[in-house]
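Visitor: Predicted structure and sequence below. I'll ask about it afterward.
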Amino acid sequence: MTQLNRDITSKWLLHAKGFMFLIAGLIAAGLIFGGSPNLRTLVLLIITIWAFCRFYYYLFYVLERYLGKETRYAGILDALKYIVKSRAGTRK
């Protein structure tokens, strides 16, 4: 049986994956703005992207560097599980 959660080791594949996310994001943003091309939609889209970028930064930099120095995360779901477990532990 093969392991499903293997890390990508190819630099080319990592860059390709990153650019695919960029293209997917640009297409999605274009479709959202194209469906309602006005200033309000543009501003809300920019705020949404900025807020999610800051949340991503919080999950993978702030938590790792300042709050969970011994913990590494494989992805957003792992980081969220860590937050939930750590909050559950403080309620006891």
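Guide: Cool, got the structure.

Visitor: C-alpha only now, for contacts and for neighbours.
Guide: OK.

Visitor: ok, residue 59 - contacts?
Guide: By Cα atoms under 8 Å, 6 or more residues apart in numbering, the residues touching residue 59 are 76, 79-80.

Visitor: any idea how far the residue nearest to the spatial centre of the chain lies from residue 25?
Guide: Closest to where the C-alpha atoms of the chain average out (Cα atoms, centre = their mean) is residue 56, at 4.6 Å. To residue 25, residue 56 is 15 Å away according to Cα to Cα, to the nearest Å.

Visitor: Buried residues of the longest helix seen in the chain, list them for me.
Guide: Of all the elements of type helix in the chain, the one with the most residues (DSSP state H) is helix 11-35. Using 16 or more other Cα atoms under 10 Å as the test for burial, helix 11-35 gives 29, 33.

Visitor: roughly how far apart are the residue nearest to the centre of the chain and residue 36?
Guide: On the measure of Cα to Cα, residue 56 and residue 36 end up 27 Å apart.

Visitor: same for the following helix or strand past the longest helix of the chain, what does it pack against?
Guide: Remark: after helix 11-35, the chain's next helix or strand is helix 39-57, criterion DSSP states H and E. Other helices and strands packing on helix 39-57, by 3 or more Cα pairs under 8 Å, 6 or more residues apart in numbering; DSSP states H and E, are helix 11-35.

Visitor: Alright, I will stop here.
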